[in-house]
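# this is a predicted model, with the sequence first.
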Amino acid sequence: MRKKTLLPYQKSLVIPAVLIFSFFFVLPVLASFVLAFTDWNLSRFTTPVWNGLDNFLYIFTDRKFGLSVKNTFIFAIFTAGLKTILGLFVALAVNRPLKTRNLLRTVYYMPAVLSMVVVGIMFDAIFRFDGMFNQFLGTLGLESLQQDWVGGYKTALPVVILADVWRWTGFNMAVFLAGLQSIPNDYYEAARIDGASSWQQFRRITVALLMPAFTVNIVFNTIGGLKVFEQVFVITGGGPGFASQVFSTYIYSAFSQGLLGRSTAMSLILFITVFTLSTLMNTVLKKKEVS
Amino acid sequence: MKPKDKERLINLIVEIVVIACSFLIIIPLLVMIFGSFKTPAEALKFNALPPTTWEFANYSFVIVTGKILLSMMNSIIVTLGVLIACVGSAALGGFILARVESKWSRFLQSFFLAGMVAPLQIITTFAMLKMLNLIGTHFAVIMVMAAVQLPWAIFMFINFIKGIPRELDEAAFIDGASTLRLFVSVILPTLKPIFATTTVMTAMFAWNEFMIPIYFFNNSKNWTMPLTVYNFFGQYFSNWNYVFADLVLTALPITILYLFSQKFIVAGLTAGSVKG
């Protein structure tokens, strides 16, 4: 207690971190709260003009923006759910004393270290019209099911979802595995002596004590899902038409047309959405954790 | 059946199922690796079989045409830059924030915590960098990536340093050491494991990041590997043997890093997912 705060730490050592973070991250956030309300584009870069809520009125009546918001949420919900559930199953499996478990862990985590661009191009090879999946259907005699998966209106977004799940399931597995390994074996023994069934053990011990891992995975997956960019950008480019357009790719397309004010406004909406949702989820999920 | 035999049987079934499922990961990787050694026509079959003839020339073509060496150099510069700016400042800052208990220390911690979830405001960042005439430079991309990764890195260090006894600091101060001296010669040696984890995870982030460089590198001579391979794919999308070779070259350095540093990754994930 006594000397703790009295030690003569030279507090200025925190300055490099504060400077980098404030200047390259926080400052642009603050600026966007002003510049989102201006008529501003690349050709008039130094002279943004205040235009009140015009950008937001435009955005909220823009059907394409509505579609990208819808797609973003579909993407976030499906990928977050699938990655969490599949990750849990794989973790429970490779937590058992299997002969090949170390190798299996390495293989399942592998996609998480590959660049999303590499994964995206690989998924194009699998799901394009002359790709691997259609050739596989062909060998099964299911030619009637063959279609352009990447270029189809109904299938483009699911292909992107699949690529993301393929990449991140192993990461979810590793987080659950770390949680599983921190559960003492005594708990299960005590429960068995008390006559608990294996389902009860799973429900009351495993799931209960994995709550911190669930929080990490669900929050991380959902935030990642809402921010999704390169998965869509590389595989479908938002197409066909606008069928797989999401928040961040729509921001990029407004940006590349030089519409800085409008894209800042969209980016501000994304910022507020992600910030609110993650705070909310963190509070709710933290309550479920047993201490 | 005895409970022990039943357990063994279940493990066997589980093992067969997870091995079978792992082929969903292995097959696409094999298609890519074998495909990179095939002729264009054979690569187009997209199967996981080894090539009939090994076309090593695919690689020399890609290395020359795809400007692999230049982009690999750019990726190395960016990754090292991010490591110095991010991990270095996070270790120093994390040390101070873990040790000093005051209002501003708590304020700074929640300041960084907010940055962990908030998405980057990329348009206004672009505008700021353009005003400073930094668009297209390695420096800009390095600093923005470092800023994005900093909150996570600083908490890795704060949590770890809290477990290091303060008595070490007291002793050093009594001997008349400065804070920087204390950090470098006393604290730093105890930080090896967390340094390794933070470095590996940050290197993977910087190497693979796509969105930040695509906004801020307007000139292809500064492009990092993910941008180059994306662009190469756009030009050679019908020559899958070349595309696959380019993919392999892009994935190779980071995969090697992964295979050698797995335990540090596990340590990093454990830090986040176990109640601390």
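Received the coordinates, thanks. Residues are numbered from 1 along each chain as shown, chains lettered A, B, ... in the order given.

# spatially nearest residue to A:Ile183, not counting backbone neighbours?
Among residues not flanking A:Ile183 along the chain, A:Leu209 sits closest, at 4.9 Å (Cβ to Cβ, 6 or more residues apart in numbering or on different chains). Bear in mind the C-beta positions are built from the backbone N, C-alpha and C, glycine included.

# the one you found touches A:Ala178, doesn't it?
No - counting by Cβ atoms under 8 Å, A:Leu209 does not reach A:Ala178; the two are 12.0 Å apart.

# neighbour count winner among these two?
Between A:Leu209 and A:Ala178, counting by other Cβ atoms under 10 Å in any protein chain shown, A:Ala178 is the more crowded of the two (23 against 19).

# per-residue pLDDT, that one?
Predicted confidence (pLDDT) at A:Ala178: the value is 88.

# buried residues of the host helix or strand of it, list them for me.
Under the criterion DSSP states H and E, the helix or strand holding A:Ala178 is helix A:156-181. Residues of helix A:156-181 classed as buried by neighbour count (16 or more other Cβ atoms under 10 Å in any protein chain shown): A:156-180.

# go back to those and keep what's next to chain B.
A:Trp166, A:Gly170, A:Phe171, A:Ala174, A:Val175, A:Phe176, A:Ala178, A:Gly179 (Cβ under 8 Å from any Cβ of the partner chain).

# so who does the residue of the stretch 1-150 of chain A found nearest chain B touch?
The stretch 1-150 of chain A approaches chain B most closely through A:Ala17 (3.2 Å), counting by Cβ to the nearest Cβ. Shown in contact with A:Ala17 (Cβ atoms under 8 Å, 6 or more residues apart in numbering or on different chains): B:Ser89, B:Ala90, B:Leu92, B:Gly93, B:Gly94, B:Phe112, B:Leu150, B:Ile154.

# one more pass at 6 Å, please.
By Cβ atoms under 6 Å, 6 or more residues apart in numbering or on different chains, the residues touching A:Ala17 are B:Ser89, B:Ala90, B:Gly93.

# helix, strand or coil for it?
helix (DSSP: H, G, I helix; E, B strand; the rest coil).

# and the pLDDT for it?
96.

# how about the closest residue to B:Ala90 other than its chain neighbours, what does it touch?
Excluding the flanking residues, the one nearest B:Ala90 by Cβ to Cβ, 6+ apart is B:Ala153, at 3.7 Å. B:Ala153 sits next to B:Cys86, B:Ala90, B:Thr198 when contact means Cβ under 6 Å, 6+ apart.

# okay, and the second one sits in which element?
Using DSSP H and E, the element containing B:Ala90 is helix B:89-99.

# in space, what's closest to A:Lys11 - neighbours in sequence excluded?
B:Ile96 is the one closest to A:Lys11 (Cβ to Cβ, 6+ apart), at 5.9 Å.

# can you pull the buried residues of the longest helix anywhere in chain A?
Identified as the longest helix of chain A according to DSSP state H is helix A:63-94. Buried residues in helix A:63-94, defined by neighbour count with 16+ other Cβ under 10 Å: A:65, A:67-69, A:71-76, A:78-80, A:82-84, A:86-94.

# related to what we said a few turns ago, what's the separation between the residue nearest to B:Ala90 and B:Val243?
34 Å (Cβ to Cβ, to the nearest Å).

# then A:Ala254?
A:Ala254 is 30 Å from B:Val243, by Cβ to Cβ.

# now the element after the helix or strand containing A:Ala190, going C-ward?
Here A:Ala190, judged by DSSP H and E, is contained in helix A:185-193. Using DSSP H and E, the helix or strand that follows helix A:185-193 in sequence is helix A:198-201.

# and the residue of the stretch 1-150 of chain B closest to chain A?
Counting by Cβ to the nearest Cβ, the stretch 1-150 of chain B gets nearest chain A through B:Gly93, at 3.2 Å.

# helices of the stretch 151-276 of chain B, start to end?
Secondary structure of the stretch 151-276 of chain B (DSSP state H, counting those that start in this stretch): helices located at B:167-174, B:179-182, B:188-190, B:192-208, B:211-216, B:225-235, B:240-273.

# which one of those lies nearest to A:Phe136?
Across the helices of the stretch 151-276 of chain B, A:Phe136 has its closest neighbour in helix B:240-273 (16.2 Å, Cβ to Cβ).

# got the buried residues for that closest one?
B:240-251, B:253-255, B:257-258, B:261-262, B:264-273.

# so the residue of the stretch 1-150 of chain B closest to chain A makes contact with A:Val14?
Yes - with contact defined as Cβ atoms under 6 Å, B:Gly93 reaches A:Val14; the gap is 4.4 Å.

# hmm, the helix or strand harbouring A:Val274 touching chain B?
Assessed by DSSP H and E, A:Val274 sits inside helix A:260-288. Yes - applying Cβ under 6 Å from any Cβ of the partner chain, one finds helix A:260-288 touching chain B at A:Leu260, A:Ser263, A:Thr264, A:Ser267, A:Leu270, A:Phe271, A:Val274, A:Phe275, A:Ser278.

# can you put the residues you listed in a markdown table and add pLDDT?
Output for these, formatted as a markdown table (pLDDT from 0 to 100):
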| residue | pLDDT |
| --- | --- |
| A:Leu260 | 94 |
| A:Ser263 | 95 |
| A:Thr264 | 95 |
| A:Ser267 | 95 |
| A:Leu270 | 95 |
| A:Phe271 | 94 |
| A:Val274 | 93 |
| A:Phe275 | 90 |
| A:Ser278 | 87 |
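
# and the spatially most central residue of chain B, how far from chain A?
Nearest to the mean C-alpha position of chain B, counting by Cα atoms, centre = their mean, stands B:Met204 at 1.2 Å. Using Cβ to the nearest Cβ, to the nearest Å, B:Met204 is found at 6 Å from chain A.

# okay, that residue: pLDDT?
So, for B:Met204, pLDDT stands at 93.

# so where's the chain uncertain?
In the absence of a named chain, chain A is used. Scanning chain A for pLDDT under 70 picks out A:1-6, A:290-291.

# try again with chain B
B:1, B:271-276.

# domain-wise, how is it divided?
Following the assignment in automatic domain parsing, chain B carries domains at B:3-57, B:66-235.

# for the first one, how far is the first residue from the last?
Right, domain B:3-57. Taking Cα to Cα, to the nearest Å as the measure, domain B:3-57 stretches 58 Å from start to finish.

# do stretch B:228-242 as well
Note: stretch B:228-242 ends 13 Å apart using Cα to Cα.

# stretch A:224-239 too?
By Cα to Cα, the extent of stretch A:224-239 from end to end equals 21 Å.

# list the buried residues for it?
Applying 16+ other Cβ under 10 Å to stretch A:224-239 flags A:224-236, A:238-239 as buried.

# spell out which residues of the stretch 51-200 of chain B are next to chain A.
Residues of the stretch 51-200 of chain B lying near chain A (Cβ under 6 Å from any Cβ): B:89-90, B:92-93, B:96, B:99-101, B:115, B:117-119, B:121, B:123-125, B:128, B:143-144, B:146-147, B:150, B:169, B:173, B:179.

# A:Ala243 contacts A:Tyr153, correct?
Yes - contact status for A:Ala243 versus A:Tyr153: in contact at 4.6 Å, counting by Cβ under 6 Å.

# between these two, which one's more packed in?
Using other Cβ under 10 Å as the criterion, A:Ala243 and A:Tyr153 rank with A:Ala243 on top: 17 against 12.

# the more buried one: what's it in contact with?
A:Tyr153, A:Ala156.

# I'd like to know how far it sits from chain B.
Taken as Cβ to the nearest Cβ, the span from A:Ala243 to chain B is 20 Å.

# okay, buried residues for stretch B:188-202 please.
By 16+ other Cβ under 10 Å, the buried positions in stretch B:188-202 come out as B:Leu191, B:Ile194, B:Phe195, B:Ala196, B:Thr197, B:Thr198, B:Thr199, B:Val200, B:Met201, B:Thr202.

# got JSON lines for those residues, with distance to A:Phe214 too?
Below are those laid out as JSON lines (distance: Cβ to Cβ, whole Å):
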{"residue": "B:Leu191", "distance to A:Phe214": "29"}
{"residue": "B:Ile194", "distance to A:Phe214": "24"}
{"residue": "B:Phe195", "distance to A:Phe214": "29"}
{"residue": "B:Ala196", "distance to A:Phe214": "27"}
{"residue": "B:Thr197", "distance to A:Phe214": "22"}
{"residue": "B:Thr198", "distance to A:Phe214": "24"}
{"residue": "B:Thr199", "distance to A:Phe214": "28"}
{"residue": "B:Val200", "distance to A:Phe214": "25"}
{"residue": "B:Met201", "distance to A:Phe214": "21"}
{"residue": "B:Thr202", "distance to A:Phe214": "25"}
